[in-house]
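Undergrad: Sequence plus predicted model, see below.
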Amino acid sequence: MVTHLNKKTDSQSESEVARLKSDEESIVMNYSCFELTVANHVAHIRLNRPEKANSMISAFWTELPTAVTALSREASARVIVISAEGKHFSSGMDISVFTDGGLDTPAGTNPFIGAEAFRHYCMALQDAFTCLEEARMPVLVAIQGAAVGGAMDLITACDCRYATRDAFFSIHETAIGMTADVGTYPRLVKLIPEGWARQMSYTAERISAEKAHTIGLLNEVYDSAEEMLEAVMNIAQQIAANSPLAVTGAKRMVNYARDHSTADSLDYIATWNASMLDGNAIRQTFAAQAKGEKPQYDDLLSVKKTAGE
């Protein structure tokens, strides 16, 4: 059974996402820029403005973090997959974001005061993708056609990236006179060799899917969007079949190890396992495997937004 819901308020969206944990049905939630489906422990966010090359209008920058944060907080899925309809994954930030005054300060404003306000505006845009990195479950992204500008910021915040052979990647901000500011640089330089990160940044050149795979930006390249999405969904199901506690721990450890020393990371892993190693789950896994059965694992619990909830 499939139930369709229209996006209303943030709180209503979160309550619907929470309900997905206990329902057997698939629920589809419609937003301005994408459709969200949750089924079989996999949340699928599908960008659905193909006529505009899935450009990121103003609503996108609030709707995406609202949806992802709700999924993470409510543990409504064990994996998130992001894909797109149409020829291109995304052409990045929509021109309307630049032209509707959102980037400007009122006339006569002290330029330093205006700069301080713009810094917070920029940080709010950054949070729209940081939520992917901070989500309690892995985020996989399937890319066809263009992934340029803001789309580079998005995909570098995901855990794993997959693309079709016709995909291409560009830090296009440089070509229009700005420095990319929503997350590409700090993440890209840890995904690919620094020299390539610098070349892509300085030239704004297009990198093919084959080159992106060679330098480590992509996990795999596929011949068609259909083949790619099928493969990515299979990977998502493999992840969803594992213990959510073990998977969220693995994501946390990889992120922590990326940003800290080996010694600090080993200490953190030991602390994590000292408090959250589930011996019963391990024993149940061995018992199920001995019987030729698939082990069953508890979902993560919903977490409160504030101490008073």
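TA: Looks like it came in fine.
Undergrad: From now on I want contacts and neighbour counts done on CA atoms only, so please keep to that.
TA: OK.
Undergrad: average pLDDT across stretch 280-289?
TA: For stretch 280-289, mean pLDDT rounds to 94.
Undergrad: tell me which element Glu226 is part of?
TA: Here Glu226, judged by DSSP states H and E, is contained in helix 225-240.
Undergrad: how much does the next helix or strand after that helix deviate in direction from helix 225-240?
TA: Sequence order places helix 244-259 as the next helix or strand after helix 225-240, per DSSP H and E. Put simply, helix 244-259 runs at 110 degrees to helix 225-240, going by axes from the mean of the first three to the mean of the last three C-alpha atoms, to 10 degrees.
Undergrad: Domain map for the chain?
TA: For the chain, the structural domains run 2-240, 244-290, going by automatic domain parsing.
Undergrad: Kindly export the helix holding Glu226 (C-alpha atoms) in CSV.
TA: Extracted in CSV, the C-alpha atoms of helix 225-240 (Å, rounded to 0.1, in the frame of the first residue of the first chain):
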residue,chain,number,x,y,z
ALA,A,225,20.5,5.6,-14.8
GLU,A,226,18.2,2.5,-14.4
GLU,A,227,21.1,0.2,-13.9
MET,A,228,22.7,2.6,-11.4
LEU,A,229,19.6,3.1,-9.3
GLU,A,230,18.9,-0.6,-9.2
ALA,A,231,22.5,-1.2,-8.0
VAL,A,232,22.4,1.6,-5.4
MET,A,233,19.1,0.3,-4.0
ASN,A,234,20.6,-3.2,-3.7
ILE,A,235,23.5,-1.7,-1.8
ALA,A,236,21.0,0.2,0.4
GLN,A,237,19.2,-3.1,1.2
GLN,A,238,22.5,-4.7,2.1
ILE,A,239,23.2,-1.9,4.6
ALA,A,240,19.6,-2.0,5.9
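Undergrad: Checking the most far-flung residue of the chain relative to its centre next. Helix, strand or coil?
TA: Farthest-out residue of the chain from its mean C-alpha position, per C-alpha atoms, centre = their mean: Gly108, at 38.7 Å. In three-state terms, and counting by DSSP: H, G, I helix; E, B strand; the rest coil, Gly108 is coil.
Undergrad: which residues touch it?
TA: Listed by C-alpha atoms under 8 Å, 6 or more residues apart in numbering, Gly108 has no contact partners.
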